[in-house]
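>>> Pasting a predicted model and its sequence here:
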Amino acid sequence: MTRPIAIGDLHRFTQQCLQQVGLSSANARDAGLALVTTDAMGVFTHGTKLLAGYLKKLQGGGYVAAAEPLIEREGPGWAIIDAQSSLGQVGCLSAIRVAMQKARQVGIAYVGLRNTGHIGAAGYYAALAAREGMIAMVTGNDIPSVAAPGSRKAVLGSNPLAYAVPVSDGDPILLDIATAAVAGGKVYAAIQRGEPIPNTWLIGPDGLPTTDGRLYPQHAALAPMAGHKGYGFGLWCEVLSAILPAGNMTWQVGSWIFDEPSRPSWHNASFTVIDASVMLLPGEFQQRIRRLIDELHAAPTADGVDRVLLPGEREWNNYHRAQASGIDLPPDVREKLQQAAELTGVVLP
C-alpha cells in the first residue's frame, strides 16, 4: 500500500532531476511544476510519467538543456519562436508568456512555436493565461498516429487542442483534448495495466476497428475523435502549430519516445490569447461568463447526477484535493519515477 505524495515533495524531486541533466533552476522549477500540476489534476498520462523519457532526451542531446527559445519574427499581435530543441515545457512557457504580453497591448495575439520538445499537457499553458484573466487556445502537432476516416494508416498526430476561460471567482473553464479518440498514452497505460480497450480507440491495418492494443503504434493507428469532426480539428491543429510557424509537419516530426535520445523531436505548437478586458467594459466579460456558468449548473440533470459540470471542473476538484491530501500516483507512474531517480541519482521521496 503506497501513500499519497505531497505536491511540494514531488515538485522538488522533479526539479532536482531536471537540474541534474543541465536545466537551469528556473527552467527546471517551471517545467517541473507543469508536470506535477498535471498529476495533481488527475491527468497521469501527461504528468511526471513523462519525466524519465524527457531526462533520456536531455542526457542524449536530442533536447538541449541550455537552450533558450528565440523570437525569430514578430509584430504587435504575433510572433514566431524557435525553441532551439529545448524541453517542450520550456518552449511552451516562453511562448505563452510572449502571447500574453502582446495580447495585453493589442487585445489578441498569436504565437507560433517551432522546433520544441514534446509539449506535455496543452491545457496547462492555456490555464496559466486564464489565471491572468485571458482567454487562451493552445494547439500542438505530433508524429502521425491517428487515422483519417477511410484510411488504413495514420495521417496526423493525436494533435492536442486546449482552451481556457477565466472565471474571476473560481477556477478557469478548461478543456484539453487529443483530436484522437483517445490519447496514445492511454493506450500504453491500458496495455501496461493489462486492461482491455474498447473498439472505438484503434484502427487496425485493414482500416477497421480493433481491440488489440498490442498492435499500436507499429501496426495500428488511433481512431480520430468523433470521426470526420476529430479529423478536421486535428488538421486545424496542424495548420496553426506547424504550417503557420514553418515548423515540421506530420512525418517530419520525430518520435520522442522511440527515436534515439540524440535526435530532436521537432514538435510545434500555437498559442492564441485574447484579453477580453480590452474588448468589453470593465467587469462585463466576467458578468456574462458568470451568467452562463450559473445557467449550465442549473440545467436539469439525469437521475444520479448532481449537476452539469463545466469542462475542467472535475480536474480542478482533483487538484484541490491533492493540495490538501497529496497525489495518489498510479503504479505505472511510480515505476517511471523510479526510472527517473535511477537516471539522475536523485532520491525518490
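Perfect, thanks for sending it. Keep in mind that what you see is a predicted model, and the values were worked out from it rather than measured.

>>> elements contacting whichever strand or helix holds Arg290?
Assigned by DSSP states H and E, Arg290 belongs to helix 284-297. Applying 3 or more Cβ pairs under 8 Å, 6 or more residues apart in numbering; DSSP states H and E, one finds that helix 284-297 makes contact with helix 276-279. C-betas here are computed from N, CA, C, even on glycine.

>>> From the rest of the structure, what touches the helix it packs on?
Ala103, Arg104, Val106, Gly107, Gly133, Met134, Ile135, Pro166, Phe285 (Cβ atoms under 8 Å, 6 or more residues apart in numbering).

>>> Could you take the residues you listed and lay them out as a markdown table, with extra columns for distance to Tyr54?
Output for those, formatted as a markdown table (distance: Cβ to Cβ, whole Å):
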| residue | distance to Tyr54 |
| --- | --- |
| Ala103 | 29 |
| Arg104 | 31 |
| Val106 | 34 |
| Gly107 | 35 |
| Gly133 | 31 |
| Met134 | 28 |
| Ile135 | 29 |
| Pro166 | 30 |
| Phe285 | 37 |
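
>>> Closest one of those residues to Pro76?
Comparing the contacts of helix 276-279 against Pro76 with Cβ to Cβ places Val106 closest, at 5.1 Å.

>>> Dihedrals phi and psi, Ala154?
Ala154 adopts backbone torsions of phi -70, psi 140, taken as degrees, to the nearest 10.

>>> Could I get the contacting residues of it?
Pro144, Ser145, Val146, Ala147, Pro217, Ala221, Leu222.

>>> so which pair among those residues is furthest apart in space?
Using Cβ to Cβ, the contacts of Ala154 reach their maximum pairwise distance at Ala147 and Pro217, which is 11.4 Å.

>>> neighbour count winner among those two?
Ala147 (24 against 18; other Cβ atoms under 10 Å).

>>> Now do the same contact list for that one.
By Cβ under 8 Å, 6+ apart, the neighbours of Ala147 are Lys153, Ala154, Val155, Ile203, Gly207, Ala221, Leu222, Ala223, Pro224.

>>> Now a ChimeraX select for only the buried ones of those.
One line in ChimeraX is enough to select the buried ones among the contacts of Ala147; burial here means 16 or more other Cβ atoms under 10 Å:
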select :154,155,203,221,222,223,224
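
>>> okay, the contacts of Ala147 in a markdown table with pLDDT and distance to Thr139 next?
Output for those, formatted as a markdown table (pLDDT from 0 to 100; distance: Cβ to Cβ, whole Å):
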| residue | pLDDT | distance to Thr139 |
| --- | --- | --- |
| Lys153 | 94 | 23 |
| Ala154 | 96 | 18 |
| Val155 | 97 | 17 |
| Ile203 | 95 | 23 |
| Gly207 | 93 | 27 |
| Ala221 | 96 | 20 |
| Leu222 | 96 | 17 |
| Ala223 | 96 | 20 |
| Pro224 | 96 | 15 |
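
>>> Narrow the contacts of Ala147 to those in helices?
Cross-referencing the contacts of Ala147 against helices under DSSP state H gives no overlap.

>>> The helix holding Arg290 - what's its average pLDDT?
Helix 284-297 shows a mean pLDDT of 96.

>>> Check stretch 40-54 too.
Rounded to a whole number, the mean pLDDT of stretch 40-54 is 97.

>>> Alpha carbons of that stretch, as PDB, please.
Extracted in PDB, the C-alpha atoms of stretch 40-54 (Å, rounded to 0.1, in the frame of the first residue of the first chain):
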ATOM      1  CA  ALA A  40      -2.400  16.800  -9.300                       C
ATOM      2  CA  MET A  41      -5.300  17.300 -11.700                       C
ATOM      3  CA  GLY A  42      -5.500  13.500 -12.200                       C
ATOM      4  CA  VAL A  43      -4.200  13.500 -15.800                       C
ATOM      5  CA  PHE A  44      -1.400  11.000 -15.100                       C
ATOM      6  CA  THR A  45      -0.600  10.300 -18.800                       C
ATOM      7  CA  HIS A  46       0.800  13.800 -19.200                       C
ATOM      8  CA  GLY A  47       2.400  14.400 -15.800                       C
ATOM      9  CA  THR A  48       5.600  13.100 -14.200                       C
ATOM     10  CA  LYS A  49       5.200   9.800 -16.000                       C
ATOM     11  CA  LEU A  50       6.900  11.700 -18.900                       C
ATOM     12  CA  LEU A  51       9.900  12.700 -16.800                       C
ATOM     13  CA  ALA A  52      12.100   9.700 -17.400                       C
ATOM     14  CA  GLY A  53      11.700  10.000 -21.200                       C
ATOM     15  CA  TYR A  54      12.500  13.700 -21.000                       C
END
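
>>> hmm, who's touching it?
Residues from elsewhere that reach stretch 40-54 (Cβ under 8 Å, 6+ apart): 7, 10, 14, 17-18, 35-39, 63, 87, 117-118, 120-121, 176, 183, 185-186, 189, 256-257, 314-316, 318-319, 322-323, 327, 329-330, 332-333, 336-337, 339-340, 343.
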